[in-house]
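Student: coordinates for the following, if possible.
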Amino acid sequence: MADIEQKLKALKVADLKAILTKADAQAPAKATKADLVARILASQAAQDAYKSIHEPETAQEPAEETEDAVAEAEAEEEQEPVAEAETEAATESEQAPKAAEAVDPELEKRRQRAARFGIPLVEPKAPKPKPEPKAAKSKAPPPEDKEKLNARAARFGGQEKAAAPESRKRSAPVEAQVDAEEAERRRKRAERFGMST
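Tutor: Next up, the predicted model:
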């Protein structure tokens, strides 16, 4: 009796409910696992249903050996070496995929979880490989013909690069040459607002 109780406790609630429904016993909707186990143990029909589902039938009577049975056993022994060779080859081929599966324990955990909750296993999509970076773009302009460079210099004026100043201070703005009339206006404005020139 305790053996059956341990086996029942190992089953899932859904399996316990299935046993009760097969035995035509009421299974309450909000029953706990302990309640279901107690109901199965209390009902002989439920215990019989459990045994029919989960325990294979065993023959109580020892089989009498006859000449036919002995002949069949000898024939099976002759076929066993061939069957063993096939079985070994099959197990080796099965072990190769299992070794690959065992490599990813996270995947194995997902499979067990899916089986436990009765949901289909959703394989994660393989991460997209990052595209290889294209050739590094150089910030320098592509080399051009001397004629093009000369034509551009003539059109837009010479663009000479100023030497980078050694200090980080700004240099004073370059004052453009101003005609006398503009200089007089600036001087009068400075006097009006009290600025020095």
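Student: V174 and E184, how far apart?
Tutor: 21 Å (C-beta to C-beta, to the nearest Å). C-beta here means a position set from N, CA and C on the backbone, and glycine is covered the same way.
Student: so for those two, which sits in the more crowded spot?
Tutor: E184 (11 against 5; other C-beta atoms under 10 Å).
Student: what helix or strand does that one sit in?
Tutor: helix 180-193 (DSSP states H and E).
Student: sketch out the low-pLDDT regions of this protein for me.
Tutor: 1, 56-103, 124, 127, 133-143, 158-167, 197 (pLDDT under 70).
Student: which residue ranges make up each domain of it?
Tutor: 2-54, 78-117 (automatic domain parsing).
Student: to A126, which of these lies closest?
Tutor: domain 78-117 (12.2 Å; C-beta to C-beta).
Student: report the secondary structure state of E123.
Tutor: Recorded secondary structure, E123: coil (DSSP: H, G, I helix; E, B strand; the rest coil).
Student: picking that back up, put the alpha carbons of the helix holding E184 into CSV.
Tutor: Extracted in CSV, the C-alpha atoms of helix 180-193 (Å, rounded to 0.1, in the frame of the first residue of the first chain):
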residue,chain,number,x,y,z
ALA,A,180,38.9,106.0,-44.0
GLU,A,181,35.2,106.7,-44.0
GLU,A,182,34.5,103.4,-42.1
ALA,A,183,37.3,104.1,-39.7
GLU,A,184,35.8,107.5,-38.9
ARG,A,185,32.3,105.9,-38.2
ARG,A,186,33.8,103.4,-35.8
ARG,A,187,35.7,106.1,-34.0
LYS,A,188,32.6,108.2,-33.5
ARG,A,189,30.6,105.2,-32.3
ALA,A,190,33.3,104.3,-29.8
GLU,A,191,33.2,107.9,-28.4
ARG,A,192,29.4,107.9,-28.2
PHE,A,193,29.4,104.6,-26.1
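Student: buried set for it?
Tutor: Of all the residues in helix 180-193, not one is buried under the rule 16 or more other C-beta atoms under 10 Å.
Student: with stretch 10-17 instead?
Tutor: So, applying 16+ other C-beta under 10 Å, buried residues of stretch 10-17: 11, 16-17.
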